[in-house]
Structures are given as structure tokens and as C-alpha cells.
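Engineer: sequence-free structure coming up:
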């Protein structure tokens, strides 16, 4: 109900992108992908980004064999077929760029230097290290789990109590403070062709 309660975003089908290298356990990666695919809509996004061909091959095998044990088996298989992928990259640096192109709801980092890599990731929530699956965010450690999906993490944040609060700005300048920024304001106003904006500042110094 717009004007009464504002909702900042649509939280769509679940998404996970896992950035992993050869240090990752293929079984852990596979089951983490299946954990997102089993949500049940059939539109979940599950992606592995890795520079390791051997890891990619083993994860693909384990996901295929493990899908039968996931909840919502038909929907899980549909998600894997429609929105599942393994992306091979040349390096973890390139992997970060690929992940950020997705800007997904969840990112797991199972790779060397995971803490440093996380600093450059764009996502709704980032799960850092081999022992931090997305499932702990659902049921254990308690971060906000109303997260932007569909690439909205580029511009949106997890839902917060602040999204339901009305905010406003209050500005108060002294004469000295106005004088300090007057030239900047006048320059920009004139560049935009707004003469009255410039005069509203200049007139205060015409005494």
C-alpha cells in the first residue's frame, strides 16, 4: 500500500553464485548449489564460477547425481536445467568480475584469499570461506535474509528497518558557512542555466 508501507524491492527466486578454486571441496560446492536449487519455484539461479576445470567437472557430476536427493526434485532439476551454470574463468580476479556481473542474492567464496576477494564482491549477502554455506544465513547466524535479486544488488541493499522509516534532511548554514561554498553553488547553478539559483546565494552578500 504505497504511502503507508513502502517496500523497497521484489525478492525473487533464490540465487547463489559460488566463486571457488581448486582448494574447494567439490562435494561441498555441489550440495550448496543444490541447497539453493531445491527452493521449489524452478526459477532459482545456481552458478559456479571457477578457474579449475577439474573442480568444474567434479561439481557437475555430483550435482547431477545429487539432484534426486534434494527437496522438490522436479523443480530442482528445472532450476538446474534453466538457470544452472558453471562458468570457467582464467583467474579468481576475472571470477570476481563475472560474479559482479550477476550481482546475485548470495555469493559464497570457497577459494584462497576469500576475505580479500569478498571486499570486491557485489551481492546481497556474501558468505566467506569453506565453512560458511548460505544455509547458515537462513537458519543460524541471522543476517537479514530479505535480499535483492535479479542483479538488484548493484543498487539495492538487504531490507532494513530503515526502509520503513521516513527520513529528512535539516540544513543550517552561518553566513561564514554560506560564503565558503557560495562560489561552488553559483558556478554549478550558472552552468545549468539557473540564474535565479545563483542570485539566491549572491544576493545575501550584496550589502
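Structural biologist: Thanks, I have it. Worth saying up front: this structure is predicted, and the values here are computed from it rather than measured.
Engineer: ok, the spatially closest residue to residue 149 that is not a sequence neighbour to residue 49 distance?
Structural biologist: Once its chain neighbours are removed from consideration, residue 149 has its nearest residue in residue 12; the separation is 4.1 Å (CB to CB, 6 or more residues apart in numbering). The way it works is simple: take the backbone N, C-alpha and C, and place the C-beta from them, glycine included. Between residue 12 and residue 49 the distance is 20 Å, computed by CB to CB, to the nearest Å.
Engineer: buried ones in stretch 82-95?
Structural biologist: If you call a residue buried by 16 or more other CB atoms under 10 Å, then stretch 82-95 has these buried ones: 83, 84, 86, 87, 89, 92, 95.
Engineer: which parts of this structure are strands?
Structural biologist: With DSSP state E, the ranges of strands along the chain come out as 15-20, 45-50, 84-88, 106-110, 125-128.
Engineer: just send those strands back as a markdown table, with mean pLDDT and distance to residue 168 too.
Structural biologist: Supplementary listing: the strands of the chain in a markdown table, determined by pLDDT from 0 to 100; distance: least, CB to CB, whole Å:
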| stretch | mean pLDDT | distance to residue 168 |
| --- | --- | --- |
| strand 15-20 | 97 | 34 |
| strand 45-50 | 98 | 38 |
| strand 84-88 | 98 | 44 |
| strand 106-110 | 97 | 34 |
| strand 125-128 | 95 | 30 |
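Engineer: got these as a markdown table, with distance to residue 73 columns?
Structural biologist: What follows is the strands of the chain, written out as a markdown table (distance: least, CB to CB, whole Å):
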| stretch | distance to residue 73 |
| --- | --- |
| strand 15-20 | 18 |
| strand 45-50 | 15 |
| strand 84-88 | 14 |
| strand 106-110 | 22 |
| strand 125-128 | 25 |
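Engineer: can you tell me what sits against the lowest-mean-pLDDT helix or strand in the chain?
Structural biologist: Averaged element by element with mean pLDDT, DSSP states H and E, the chain has its least confident helix or strand at helix 134-139 (a mean of 88). The contact list for helix 134-139, computed with CB atoms under 8 Å, 6 or more residues apart in numbering, reads 16, 32, 35, 36, 106, 108, 125, 127, 143, 145.
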